[in-house]
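Asker: build me a structure from this.
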Amino acid sequence: MNNVKNMAIIGAGVAGLALAIFARKQGIKVTLYERGKHFSSIGAGVTLWPNANFVIQQLGLMNKVLKTGGRPSYMRQCNRQGEQQNEFDIAALNAACGFPTVNLLRRDLIQLLADALQPLNATVIFNQALTSQDMPRLQQQFDLVVGADGRMHSPARQYLYGNTIQPTYQGFINIIGLCAMDHDQSIHEYRDNGERFGIVPVTQKEGYWAAAWLCDMDESKTLKSWFDEMHQRFQHWSGKVQHVLENYDPNSVKRLFVHDLDPLPYWHKDNLIIIGDAAHAPLPTSGQGASQALEDAWHLSQLLKQHQPLDSLLSEFYSTRIHKTSSAQHIGRQVAQQIFHQPPSATQTLQGISTEQLSKLYMEGLGSNH
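Answerer: Sure thing, here's the model as predicted:
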């Protein structure tokens, strides 16, 4: 029978922290290993779509998320001149799903999760750069070992697959950062000629942005030269883009060569399982990275309440989740293909997906059905 009383979680990101909260509320002892010196704030911001906020509500954090983040009503797609090409009604999607959409700085989401975990007496160990060789020891020490250790260098995934599975570089760079924003709470996405600039307001004063274009993965180029190239590429784009380029916080800017994963045939071996980006990292163009990480934490915690052998429980977790996470990966690649490889078209945003279809996809599998 399933008898998980003592759990190790590797990685204190969105998936790891959310699972730790759920597990502690169920009375499971939790030891959380984080390779950094403190909770990570990698990434500029996240959009928590309605499916993510279903889980946020289960965590008891809805009011704090609403207070901390911004609530966009529309996603507007424009060309480089700022002429609107398309509009997606986020408020209508929220109504169909029964949950809001919230934009949040990633550091604030991590802080909210960390604050919620703090009184629950989990053991958090920082500066623990584990390797795949550490996994058998953890498997002996704990009833369940969960790798929530990220897309690029997951020791838990490496333990499962050796070097046969590597993240796939999808051919484009993201320069991301934070910036003072105006009062328009719509998400703006500018696309033209294989280049993209996204602007996401969070509060009335601050938001995050991402500039993207096709390039080789050249690690030898300095960060400054990448940032200079960004300014050159987008120097004649519309007013909102110029506002960001002139006002962003230089200390917040990061360069990411964007990778994702192909869908994997399994996520566990014995009492070790991978979740979140370690298991099914999608491209940021899916908009679903944080949302699927939160869903993983909720689904796994629900299954841990059941009295069934651990192996069948972990197999059920995979079969419950694989369709939806693979859909997010596929959508991310589809949207990236539209942005970077297809001529501009006024029907590109969420092409062919109605609000009703999208709400059905986002809310699939969420409810008290475990």
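Asker: check contacts around Leu256.
Answerer: Ile173, Asn174, Ile175, Ile176 (CB atoms under 8 Å, 6 or more residues apart in numbering). For every residue, glycine as well, the C-beta is placed using N, CA and C.
Asker: out of those, who's nearest Lys37?
Answerer: For the contacts of Leu256, the residue nearest Lys37 by CB to CB is Ile176; the value is 21.5 Å.
Asker: what is the one helix or strand the closest one maps to packed up against?
Answerer: Using DSSP states H and E, Ile176 maps to strand 168-180. Other elements packing on strand 168-180 under the criterion 3 or more CB pairs under 8 Å, 6 or more residues apart in numbering; DSSP states H and E are strand 206-214, helix 223-234, helix 239-247, strand 254-260, helix 310-341.
Asker: packing partners of the third one?
Answerer: Helices and strands in packing contact with helix 239-247 are listed as strand 168-180, strand 187-192, strand 195-201, helix 223-234; criterion 3+ CB pairs under 8 Å, 6+ apart.
Asker: quick one: pLDDT of His153?
Answerer: Per-residue pLDDT puts His153 at 93.
Asker: where does pLDDT dip in the stretch 1-150 of the chain?
Answerer: For the stretch 1-150 of the chain, applying pLDDT under 70 flags the ranges 1, 41.
Asker: how about a cut-off of 50?
Answerer: By pLDDT under 50, the stretch 1-150 of the chain has no low-scoring segment.
Asker: all strands of it, in order?
Answerer: 6-10, 29-33, 45-48, 74-78, 84-89, 102-105, 123-125, 144-147 (DSSP state E, counting those that start in this stretch).
Asker: return the last one as PDB; C-alpha atoms alone will do.
Answerer: Read it as strand 144-147. What follows is strand 144-147, C-alpha atoms only, in PDB (Å, rounded to 0.1, in the frame of the first residue of the first chain):
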ATOM      1  CA  LEU A 144       9.300   9.300  -2.200                       C
ATOM      2  CA  VAL A 145      11.900  11.400  -4.000                       C
ATOM      3  CA  VAL A 146      10.400  14.200  -6.300                       C
ATOM      4  CA  GLY A 147      12.700  15.900  -8.800                       C
END
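Asker: redo the helices and strands packed on helix 239-247 as CSV? Include distance to Pro282 and mean pLDDT.
Answerer: Listed next are the helices and strands packed on helix 239-247 as CSV, based on distance: least, CB to CB, whole Å; pLDDT from 0 to 100:
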stretch, distance to Pro282, mean pLDDT
strand 168-180, 10, 95
strand 187-192, 17, 94
strand 195-201, 16, 96
helix 223-234, 23, 96
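Asker: among the ones you listed, which is nearest Ser301?
Answerer: Nearest of the helices and strands packed on helix 239-247 (CB to CB): strand 195-201, 28.9 Å.
Asker: what pairs with that closest one, and is each one parallel or antiparallel?
Answerer: strand 187-192 (antiparallel), strand 206-214 (antiparallel) (DSSP bridges).
Asker: what's the angle from the strand holding Ile176 to strand 195-201?
Answerer: 40 degrees (axes from the mean of the first three to the mean of the last three CA atoms, to 10 degrees).
Asker: then strand 168-180 to CSV, C-alphas only?
Answerer: In CSV, the C-alpha atoms belonging to strand 168-180 read as follows (Å, rounded to 0.1, in the frame of the first residue of the first chain):
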residue,chain,number,x,y,z
THR,A,168,16.1,20.8,-27.3
TYR,A,169,17.2,24.3,-28.3
GLN,A,170,14.4,25.8,-30.4
GLY,A,171,16.5,28.3,-32.3
PHE,A,172,15.6,31.6,-30.6
ILE,A,173,16.8,33.8,-27.8
ASN,A,174,14.7,35.5,-25.1
ILE,A,175,16.0,38.7,-23.5
ILE,A,176,13.8,39.3,-20.4
GLY,A,177,13.6,42.0,-17.8
LEU,A,178,11.4,44.2,-15.6
CYS,A,179,10.2,47.7,-16.4
ALA,A,180,8.1,50.5,-15.1
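Asker: could you shift the numbering so residue one becomes 886, and keep it that way?
Answerer: Sounds good: first residue 886 from here, last item strand 1053-1065.
Asker: that one: which residues count as buried?
Answerer: Gln1055, Phe1057, Ile1058, Asn1059, Ile1060, Ile1061, Gly1062, Leu1063, Cys1064 (16 or more other CB atoms under 10 Å).
Asker: for stretch 939-955, same thing?
Answerer: For stretch 939-955, by 16+ other CB under 10 Å, it's Phe939, Val940, Ile941, Gln943, Leu944, Leu946, Met947, Lys949, Val950, Thr953, Gly954, Gly955.
Asker: can you list the helices and strands packed on helix 1124-1132 in a markdown table and add distance to Ile1010?
Answerer: Output for these, formatted as a markdown table (distance: least, CB to CB, whole Å):
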| stretch | distance to Ile1010 |
| --- | --- |
| strand 1053-1065 | 29 |
| strand 1072-1077 | 37 |
| strand 1080-1086 | 33 |
| helix 1108-1119 | 31 |
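Asker: select, out of those, the one closest to Ala1175.
Answerer: strand 1080-1086 (12.8 Å).
Asker: picking up where we left off before, right, and the helices and strands packed on helix 1124-1132 - which one's nearest Ala1163?
Answerer: strand 1053-1065 (14.6 Å).
Asker: what's the angle from the closest one to helix 1195-1226?
Answerer: With the same axes, to 10 degrees defining the directions, strand 1053-1065 sits at 80 degrees from helix 1195-1226.
Asker: quick one: work out the angle between strand 1053-1065 and helix 1124-1132.
Answerer: Angle of strand 1053-1065 versus helix 1124-1132, following the same axes, to 10 degrees, is 80 degrees.
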